[in-house]
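Visitor: Provided below are the primary sequence and the corresponding predicted coordinates.
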Amino acid sequence: MRRDLSKLRQRLAALRNMTTANGCTEAEALAAAEKAAELLASTGMTDIELDASLMEGLPVDIGARRRPIDSVWITVAVFAECHGYLERVGNRWRWVYFGDPANILVAEYVHEVVRRAARTAAREFRAGEVYRRRRTARTKAQVLKALEEGFALGIAPKIMAGLWRRKGVSGQPAAERQALVQSIRAPIKSELARRGMSFSPTRALAPAAGKFRDAAHWDGYAAGRSVDIEAPLAGPAVAGLLTSGERS
């Protein structure tokens, strides 16, 4: 029987309102993401023995062109204990999160938080000297691409650190952590194979070019690393949404 996910959807919908416009930082939003994943674990909603037939895919539009930030989505999928893959529909790309229905809702939420954080980093970067010294549309586009490459490299380990903490393997050897990831994803991949779904490697994006690349790359990396997913959540109303009780 399919579980009632309405309460989880309500909680995540409320968490999506944790925006800078509403007085919250991306750090607080990512902290909320980790708490949401902990909520699933504490309520048993991530039980890997769930009937595989209930697994489903949730597509998220990523635009007409792929971008460096798209390299982070597989990390988001692992964090949420899902599988992920790229899909082209017409002239647009989308990333599909596949797995337990509860987990893919968390993946969708974390995806949006990361997208917002990258957008904030780009907005702040445009106000800085490295960007303002660019004189052509091409060099402006390349410097923003370099920024996003660095941001992706910076934030991905922070997201994975959340999974290690949740699973109690922080500080353990890399081989042990990799074995954990494989054990999480193995039944999901088996279900994809059972459904006859296979995937071809996607052509890698060309890296940003230009003598300004290193400066922008570093700025992006620093922005990604500065997002603290252990940041405290602001306000009792938000905390209430993240408990496993009946409060809403």
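Guide: Happy to help now that I have it.
Visitor: CA only for contacts and neighbour counts going forward, please
Guide: Will do.
Visitor: can I take it that Trp93 is in a strand?
Guide: Yes. Assigned with DSSP: H, G, I helix; E, B strand; the rest coil, Trp93 falls within a strand.
Visitor: neighbours around it, how many?
Guide: The tally of other residues near Trp93 (other Cα atoms under 10 Å) stands at 18.
Visitor: what comes up buried for the longest helix belonging to the chain?
Guide: In the chain, with assignment by DSSP state H, the single longest helix is helix 137-167. Neighbour counts using 16 or more other Cα atoms under 10 Å place 139-140, 142-156, 158-164, 166 of helix 137-167 among the buried residues.
Visitor: got the contact list for the residue of the chain positioned farthest from its centre?
Guide: Outermost residue of the chain with respect to the C-alpha centroid, by Cα atoms, centre = their mean, is Arg135; its distance is 32.9 Å. The contact partners of Arg135, by Cα atoms under 8 Å, 6 or more residues apart in numbering, come to none.
Visitor: now do the SS call for it.
Guide: Three-state call for Arg135 (three-state DSSP): coil.
Visitor: and it, how close does it get to Gln142?
Guide: Distance, Arg135 to Gln142, by Cα to Cα, to the nearest Å: 12 Å.
Visitor: and for Leu86?
Guide: 23 Å.
Visitor: what do you get for Ala121?
Guide: Ala121 is 15 Å from Gln142, by Cα to Cα.
Visitor: can you check Thr75 too?
Guide: From Thr75 to Gln142 the distance is 24 Å (Cα to Cα).
Visitor: below-threshold pLDDT in this structure: ranges please.
Guide: In the predicted model of the chain, residues 1-52, 228-248 satisfy pLDDT under 70.
Visitor: residue ranges for the helices of it, please.
Guide: Listed in chain order, the helices of the chain (DSSP H) span 6-16, 26-43, 73-79, 101-126, 129-132, 137-167, 174-194, 213-226, 236-241.
Visitor: which of those sits most buried?
Guide: helix 73-79 (a mean of 24; mean count of other Cα atoms under 10 Å).
Visitor: now for it, which elements pack on it?
Guide: strand 83-89, helix 101-126, helix 137-167 (3 or more Cα pairs under 8 Å, 6 or more residues apart in numbering; DSSP states H and E).
Visitor: which one of these lies closest to Ala175?
Guide: Smallest distance to Ala175 across the helices and strands packed on helix 73-79 (Cα to Cα): 12.6 Å, for helix 137-167.
Visitor: could you check the angle helix 174-194 makes with the closest one?
Guide: Helix 137-167 and helix 174-194 are oriented at 100 degrees to each other (axes from the mean of the first three to the mean of the last three Cα atoms, to 10 degrees).
Visitor: how far off helix 101-126 does helix 137-167 point, in degrees?
Guide: 140 degrees.
Visitor: show the end-to-end separation of stretch 195-207, please.
Guide: End-to-end for stretch 195-207, by Cα to Cα: 35 Å.
Visitor: which one of the helices and strands packed on helix 73-79 lies nearest to Arg194?
Guide: strand 83-89 (14.6 Å).
Visitor: pull the number of nearby residues for Pro201.
Guide: 7.
Visitor: now do the phi/psi pair for it.
Guide: phi -60, psi 140 (degrees, to the nearest 10).
Visitor: that one and Arg65, how far apart?
Guide: Pro201 is 17 Å from Arg65, by Cα to Cα.
Visitor: same check on Arg213?
Guide: For Arg213, the distance to Arg65 - Cα to Cα - is 20 Å.
Visitor: and Cys82, by the same measure?
Guide: Per Cα to Cα, Cys82 is found 24 Å from Arg65.
Visitor: Gln178 now?
Guide: 31 Å.
Visitor: could you do Glu148 as well?
Guide: Distance from Glu148 to Arg65, by Cα to Cα: 14 Å.
Visitor: cool, and Ala152?
Guide: To Arg65, Ala152 is 17 Å away according to Cα to Cα.
Visitor: separation between the closest residue in space to Val96 that isn't next to it in sequence and Phe98?
Guide: Once flanking residues are discounted, Val96 sits nearest to Pro59: 4.1 Å by Cα to Cα, 6 or more residues apart in numbering. According to Cα to Cα, Pro59 stands 9 Å off from Phe98.
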